[in-house]
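Trainee: Let's see this in three dimensions:
(2 chains)
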2 protein chains.
Amino acid sequence: MPTEEHMRAAMQKYLDALNALDVVGALALFGQGSTVEDPVGSGVAPAIERLPEMFGQIPDGATFVLDTPIRTSHGNAAAMAFTTRVILDGEPIEVRAVDVMEFDDEGWITHMNAYTGPSDVIRGR
Amino acid sequence: MPTEEHMRAAMQKYLDALNALDVVGALALFGQGSTVEDPVGSGVAPAIERLPEMFGQIPDGATFVLDTPIRTSHGNAAAMAFTTRVILDGEPIEVRAVDVMEFDDEGWITHMNAYTGPSDVIRGR
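Mentor: Residues are numbered from 1 along each chain as shown, chains lettered A, B, ... in the order given. Prediction:
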């Protein structure tokens, strides 16, 4: 089972990769055959397909910041609440999310669920 | 599919039930046959068995407060990050968690995962 320290570090590296628009750095955390549902409700997709699509849609200058420390578990999963801030056509927008990652015994991410809905998009600030 | 408003309200009611030590109020949110893994890694148990056990272990005066607004999704699930604060034998303790709830079409909770690990327990403050 991965250690809590490993899971917390991997989640932080994923957040760092989002901030750096570094899709290769993000994919380096995911295992072979890993999957992503981001956002939950949109369907499960291979990480190797979905992550490049997602990262390609991030506007320049977007920031991704933890709202509260990353949580781990007594198993092979961890969760983090963060907020994305972007400015689109001059309008500031916040997008709130919780990402949950599952890991295999070797510490690779096997699945990520992103909990964020239409009402988690806050316009005007 | 439950609305985002419904899911957010149910999560808040669960938090209110924790603060009020109201296990019946909490169970009223869960559907027949629903399950809980709290904390993740401890094994899945029927809500009707695990919730009374959990609520029975909450010390008097414990508070449960959101760290950041509840997130929903584009599906039938939502997530919230919160912190439990208790004083045990004169020592203040914080326990950080993320709870993820899944709902059925009628709006009942079908499963709850609680992400909180040994290192999410912060002693001395």
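
Trainee: From here on, just use CA atoms for contacts and neighbour counts.
Mentor: Will do.

Trainee: measure the residue nearest to the spatial centre of chain A to residue B:124 for me?
Mentor: The residue lying closest to the centre of chain A (C-alpha atoms, centre = their mean) is residue A:99, at 5.3 Å. Distance of residue A:99 to residue B:124, given as C-alpha to C-alpha, to the nearest Å: 28 Å.

Trainee: Ok, residue A:121 next?
Mentor: Where residue B:124 is concerned, residue A:121 sits at a distance of 36 Å (C-alpha to C-alpha).

Trainee: Tell me which of these two has more neighbours.
Mentor: residue A:121 (17 against 10; other C-alpha atoms under 10 Å in any protein chain shown).

Trainee: wait, what's in contact with residue A:22?
Mentor: Going by C-alpha atoms under 8 Å, 6 or more residues apart in numbering or on different chains, residue A:22 touches residue A:55.

Trainee: Can you say which helix or strand has the residue nearest to the centre of chain A in it?
Mentor: Assessed by DSSP states H and E, residue A:99 sits inside strand A:91-103.

Trainee: How about residues contacting that strand?
Mentor: A:2, A:7, A:11, A:76-87, A:109-116, A:120-125, B:71, B:79-80.

Trainee: Same question for stretch A:23-39.
Mentor: By C-alpha under 8 Å, 6+ apart, stretch A:23-39 touches A:10, A:13-14, A:17-18, A:43-48, A:50-52, A:55, A:108-117, B:73-74.

Trainee: Can you show me the strands along chain A?
Mentor: A:30-37, A:45-46, A:63-66, A:77-88, A:91-103, A:109-115, A:121-123 (DSSP state E).

Trainee: The longest one: partners in the sheet, and parallel or antiparallel?
Mentor: Right, strand A:91-103. Applying DSSP bridges, strand A:91-103 is found paired with strand A:77-88 (antiparallel), strand A:109-115 (antiparallel), strand A:121-123 (antiparallel).

Trainee: rewinding a little: filter the contacts of strand A:91-103 to the buried ones?
Mentor: Those of the contacts of strand A:91-103 that meet the buried threshold are A:2, A:7, A:11, A:76-87, A:109-116, A:120-121, B:71, B:79-80, by 16 or more other C-alpha atoms under 10 Å in any protein chain shown.

Trainee: Distance of the residue of chain A most remote from its centre relative to residue A:55?
Mentor: Distance from the C-alpha centroid of chain A peaks at residue A:90, with 25.0 Å (C-alpha atoms, centre = their mean). Distance of residue A:90 to residue A:55, given as C-alpha to C-alpha: 21 Å.

Trainee: Over to residue A:18?
Mentor: 7 Å.

Trainee: Looking at those two, which is more packed in?
Mentor: When neighbours are counted by other C-alpha under 10 Å, residue A:18 and residue A:55 differ, and residue A:18 comes out ahead with 21 against 18.

Trainee: Quick check, that one in contact with residue A:54.
Mentor: No: with contact defined as C-alpha atoms under 8 Å, residue A:18 does not reach residue A:54; the gap is 9.7 Å.

Trainee: Could I get the buried residue list for stretch A:34-48?
Mentor: Buried, per 16+ other C-alpha under 10 Å, within stretch A:34-48: A:34, A:35, A:36, A:37, A:38, A:39, A:40, A:41, A:44, A:47, A:48.

Trainee: Chain B: which of those is nearest?
Mentor: Set against chain B, the nearest of the buried residues of stretch A:34-48 by C-alpha to the nearest C-alpha is residue A:41 (3.8 Å).

Trainee: For that closest one, give me its contacts.
Mentor: Going by C-alpha under 8 Å, 6+ apart, the list of residues near residue A:41 reads B:73, B:74, B:75, B:76.

Trainee: same check, this time on residue A:63
Mentor: Taking C-alpha under 8 Å, 6+ apart as the test, what residue A:63 contacts is A:18, A:19, A:84, A:85, A:86.
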